[in-house]
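Engineer: sequence below, structure please.
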Amino acid sequence: MPTHSKAKAPLQKSIAVLPFVNMSSNKENEYFCDGITEEIINALAKIDGLRVTSRTSSFYFKGKNIPIRNISKELGVETLLEGSVRLSGNSLRITAQLIQADEDFHFWSETWDRKSDNIFAVQDEVSLLIAEKLREHFGHFEIQERLVNQQTESLDAYTLYLKGRYYLNKWNPEDCKTAIDCFNQALGLDPNHPNSLTGLADSYSFLATTGFISFEEGWGKCAELTHKALAINNQLPEAYYQLANLSFFTEADFKNSFITIKKGLEINPNHVESQQFLSFLYLLAGQKEDSKRHLDIAIKIDPLSQETQFYSAYLDYMLESFQDAMVKLHKCLEVNPRNIPAHAIIVNSLVMLGDADQVIGYFDKMPSEIIVPAEKVGNLALAYVLKGDETQAKSSFQLLHEISKQEGGFAAEVYILLYYVFTGRFEQAFDWMFNAKKNKYPLLILRFADPLMNALKEDPRYHELKHQLFPPTLFERSQENPKKALLNDVTVKAFKEKLTYFIEEKELYLNPDLSLRSLAKELDIHPNQLSWLLNESIGKNFNAYINHYRVKEFKRLAKDPSKAHITVIGLAYESGFNSKTVFNTYFKKETGLTPKQFVKNQ
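Structural biologist: Numbers count the residues shown, from 1 in each chain. Below is the predicted model of the structure:
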């Protein structure tokens with residue numbers, strides 16, 4: 001995984017869920033433990049306004065003894081969730097604690113003893129409570145009534161799905177086939193598991209795109225599986241991600257691909273693959289600032305994954321920072337030497353740098369099983385053109401034509417175009433491009449803005465095609481509607497008065513188990529409305545608001561001679577605090593003194 005020389009500034013309302021530790025005696029329960037972690041990540045990612053680090057980057061720290069503050073800086077988050085899982089037969093114990101990383105301040109912890117029969121219900125309960133505690137500590141955001149839906153009744157199917165995702169994310173044909181086997185096993189146990197359907201669709205689209213199975217077979221299966229998944233659950237961002245890819249790679253429909261991926265991001269803005277793909281689409285259309293903006297979001301969600309690193313390198317390549325691109329791509333290859341896209345862009349970078357000998361020798365260093373014939377022959381043809389070796393260039397060009405007629409040889413077509421560009425045969429290049437547009441050939445869009453096409457970019461025909469492929473109106477930004485207030489002026493006034501009465505007169509803050517949700521019940525108001533009232537109207541999050549009264553009560557008790565025999569922590573508990581750490585932290589934050597210093601001064 002890449003390391004970063006610069007620490008990232010922590011994001012407001014940001015969290016990383018670290019892999020829960022498997023405390024079971026059976027080490028085979030590791031995937032079960034990972035599954036709980038992943039579902040909590042996915043659940044919290046649904047909350048608008050909360051930035052959640054992706055599974056890939058969080059799991060980078062699995063089994064590593066790294067200080068909390070270092071992890072926080074590396075991931076650019078201010079809060080970490082860590083926990084453990086113990087499974088014994090049907091009995092399940094989950095523990096979790098929230099940590100404010102900059103102060104190493106454990107501000108909440110909880111333990112759940114449940115049965116594992118309905119793991120998704122348990123995950124929903126745990127995720128909702130964690131979300132509540134984050135809101136009490138961070139500030140306002142709205143929380144849905146449910147965060148985890150039951151994907152499947154088969155825990156084994158869910159575990160096999162997780163294994164499939166692990167292998168698919170290695171992005172090479174051999175591991176992809178292992179992933180397909182895992183997804184198929186999962187679907188054998190539950191044919192209607194939507195996530196396994198989208199995982200299988202993703203696998204076939206990868207094999208089709210890289211030419212390891214036929215274009216028609218791979219994308220045909222992808223379409224069938226994606227539509228089946230959406231029929232089961234139309235709120236899957238993974239399915240919209242696949243639909244966007246289908247529009248792009250099978251119909252060359254940039255507009256529909258763009259609209260579809262944005263629809264998926266409306267469901268889950270933290271879906272990192274969709275942020276990466278939207279950045280990629282903007283980049284192809286020449287919208288470089290928008291591309292970088294969405295890539296930055298992807299990096300914040302998933303800073304340590306090789307997928308994000310690849311997209312960052314691809315942005316550098318498209319901006320013609322070829323050396324920077326290659327540095328990042330070589331880091332990707334350190335993690336996964338069989339990363340096909342990384343190899344492809346390194347070779348294209350060498351072509352752009354004019355290093356023909358390096359291009360020619362590069363394929364001898366690659367693992368033979370991942371070499372795409374069209375990529376090899378196409379880049380060799382360009383390298384021989386650069387060297388002025390007309391005989392070898394023509395020979396490679398002829399071989400490209402032969403490959404293009406073979407099954408899975410569609411990738412050779414675009415190198416025929418690039419050969420025309422590099423040899424100055426611009427009329428033939430534009431004939432190819434207009435014909436490709438007419439026949440909805442996706443690699444035209446993929447390569448249109450590529451630096452390898454630079455020689456054509458001043459030609460009026462290039463700009464004519466650009467407007468047809470990437471309609472400018474598609475990128476016009478609509479004004480974002482400001483979020484509506486959850487209460488009007490009249491109800492704000494009424495609930496403020498009611499809140500003051502319950503806190504100051506009924507002294508609800510003395511209840512150590514008081515939560516935002518239980519206080520909302522007392523006030524007969526929705527928790528989302530109470531959160532909004534506290535943060536937007538009063539200007540304090542729940543913890544700051546309630547602990548202000550508790551600190552005030554502690555100060556009153558500390559001055560009372562009749563309480564002189566009670567210890568400092570005893571007075572804190574009488575004031576409504578239930579944690580020594582929380583008490584000490586909030587007291588010093590509010591008064592600038594430690595509790596002992598305050599008592600001593602009385």
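Engineer: going by C-alpha atoms from here, please, whenever you check contacts or count neighbours.
Structural biologist: Fine.
Engineer: what about the nearest residue to Leu147 once chain neighbours are set aside, distance to Ser54?
Structural biologist: Using Cα to Cα, 6 or more residues apart in numbering and skipping residues adjacent in sequence, the residue nearest Leu147 is Ala43, 5.0 Å away. To Ser54, Ala43 is 11 Å away according to Cα to Cα, to the nearest Å.
Engineer: what does Val385 give?
Structural biologist: Counting by Cα to Cα - Val385 and Ser54 are separated by 44 Å.
Engineer: before we move on, what about Glu574?
Structural biologist: For Glu574, the distance to Ser54 - Cα to Cα - is 41 Å.
Engineer: quick one: which of Ala43 and Ser54 has more around it?
Structural biologist: For Ala43 versus Ser54, neighbours defined as other Cα atoms under 10 Å are more numerous around Ser54 (27 against 22).
Engineer: for that one, what are phi and psi?
Structural biologist: The phi/psi pair for Ser54 (degrees, to the nearest 10) reads phi -70, psi 170.
Engineer: quick one, what contacts the nearest residue to Met352 once chain neighbours are set aside?
Structural biologist: Nearest non-adjacent residue to Met352, counting by Cα to Cα, 6+ apart: Leu452, 6.8 Å away. Residues in contact with Leu452 (Cα atoms under 8 Å, 6 or more residues apart in numbering) are Asn348, Met352, Leu418.
Engineer: pLDDT on the host helix or strand of the residue nearest to Leu147, on average?
Structural biologist: Secondary-structure assignment from DSSP states H and E places Ala43 in helix 30-45. Mean pLDDT, helix 30-45: 85.
Engineer: render the CA-only coordinates of that helix in CSV, please.
Structural biologist: Output of helix 30-45 as CSV, limited to C-alpha atoms (Å, rounded to 0.1, in the frame of the first residue of the first chain):
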residue,chain,number,x,y,z
GLU,A,30,-12.4,-14.2,10.7
TYR,A,31,-14.6,-13.6,7.7
PHE,A,32,-17.6,-13.3,10.0
CYS,A,33,-15.8,-10.7,11.9
ASP,A,34,-14.8,-8.8,8.8
GLY,A,35,-18.4,-9.0,7.6
ILE,A,36,-19.6,-7.2,10.7
THR,A,37,-16.9,-4.5,10.2
GLU,A,38,-17.8,-4.0,6.5
GLU,A,39,-21.6,-3.8,7.2
ILE,A,40,-21.0,-1.1,9.8
ILE,A,41,-18.9,0.8,7.3
ASN,A,42,-21.6,0.5,4.7
ALA,A,43,-24.3,1.5,7.1
LEU,A,44,-22.5,4.6,8.3
ALA,A,45,-21.7,5.5,4.7
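Engineer: which stretches in this structure count as strands?
Structural biologist: 11-17, 21-22, 51-52, 77-88, 91-100, 105-115 (DSSP state E).
Engineer: circling back: distance-wise, check the residue nearest to Met352 relative to Thr209.
Structural biologist: Remark: distance between Leu452 and Thr209 (Cα to Cα) = 20 Å.
Engineer: mind checking how far Leu593 is from Val551?
Structural biologist: 12 Å.
Engineer: inside helices: which ones of the contacts of Leu452?
Structural biologist: Asn348, Met352, Leu418 (DSSP state H).
Engineer: nearest to Asp175, of the residues you listed?
Structural biologist: Closest approach between the ones in helices among the contacts of Leu452 and Asp175, by Cα to Cα: Asn348, at 24.8 Å.
Engineer: and the closest one, what does it touch?
Structural biologist: Contacts of Asn348 by Cα under 8 Å, 6+ apart are Asn379, Leu452.
Engineer: looking at the residue nearest to Asn233 when sequence neighbours are not counted now. What's its pLDDT?
Structural biologist: Once flanking residues are discounted, Asn233 sits nearest to Pro194: 6.9 Å by Cα to Cα, 6+ apart. We have a pLDDT of 94 for Pro194.
Engineer: and what of the one 10 residues further on?
Structural biologist: Predicted confidence (pLDDT) for Tyr204: 95.
Engineer: tell me, how many residues neighbour the closest residue to it other than its chain neighbours?
Structural biologist: The spatially closest residue to Tyr204, leaving aside those adjacent along the chain, is Gly218, at 4.8 Å (Cα to Cα, 6+ apart). Applying other Cα under 10 Å, we find 21 residues neighbouring Gly218.
Engineer: can you get me the start-to-end distance on stretch 514-529?
Structural biologist: 17 Å.
Engineer: identify the residues contacting Ala344.
Structural biologist: So, once contact is read as Cα under 8 Å, 6+ apart, Ala344 ends up touching Glu375.
Engineer: what's the distance between it and Pro442?
Structural biologist: For Ala344, the distance to Pro442 - Cα to Cα - is 18 Å.
Engineer: what touches both of Leu593 and Val551?
Structural biologist: Common neighbours of Leu593 and Val551 (Cα under 8 Å, 6+ apart) are Phe587.
Engineer: between these two, who's got more neighbours?
Structural biologist: Using other Cα under 10 Å as the criterion, Leu593 and Val551 rank with Val551 on top: 23 against 14.
Engineer: is it true that Ser205 touches Leu225?
Structural biologist: No. Using Cα atoms under 8 Å as the test, Ser205 is too far from Leu225 to be in contact (10.8 Å).
Engineer: Gln151: neighbour count?
Structural biologist: Neighbours around Gln151, by other Cα under 10 Å: 17.
Engineer: state the phi and psi torsions of it.
Structural biologist: Torsion angles, degrees, to the nearest 10, at Gln151: phi -70, psi -40.
Engineer: which non-adjacent residue is nearest it?
Structural biologist: Closest to Gln151 by Cα to Cα, 6+ apart is His193, at 6.3 Å.
Engineer: give me the low-pLDDT residue ranges for the stretch 351-500 of the chain?
Structural biologist: By pLDDT under 70, the low-scoring segments of the stretch 351-500 of the chain are 408, 478-483.
Engineer: which parts of it are helices?
Structural biologist: 356-365, 373-387, 390-404, 411-422, 426-438, 442-448, 460-469, 489-500 (DSSP state H, counting those that start in this stretch).
Engineer: and these as a markdown table, adding distance to Ala131 and mean neighbour count?
Structural biologist: Converted to a markdown table, the helices of the stretch 351-500 of the chain look like this (distance: least, Cα to Cα, whole Å; neighbours: other Cα atoms under 10 Å):
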| stretch | distance to Ala131 | mean neighbour count |
| --- | --- | --- |
| helix 356-365 | 49 | 15 |
| helix 373-387 | 48 | 23 |
| helix 390-404 | 53 | 17 |
| helix 411-422 | 47 | 22 |
| helix 426-438 | 48 | 16 |
| helix 442-448 | 40 | 20 |
| helix 460-469 | 43 | 14 |
| helix 489-500 | 22 | 14 |
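Engineer: nearest to Ala121, of those?
Structural biologist: helix 489-500 (32.4 Å).
Engineer: against which helices or strands is the closest one packed?
Structural biologist: Other helices and strands packing on helix 489-500, by 3 or more Cα pairs under 8 Å, 6 or more residues apart in numbering; DSSP states H and E, are helix 516-523.
Engineer: elements contacting the least confident helix or strand in the chain by mean pLDDT?
Structural biologist: The helix or strand of the chain with the lowest confidence, counting by mean pLDDT, DSSP states H and E, is strand 11-17 at a mean of 81. Judged by 3+ Cα pairs under 8 Å, 6+ apart, strand 11-17 is in contact with helix 30-45, strand 51-52, helix 55-59, strand 77-88.
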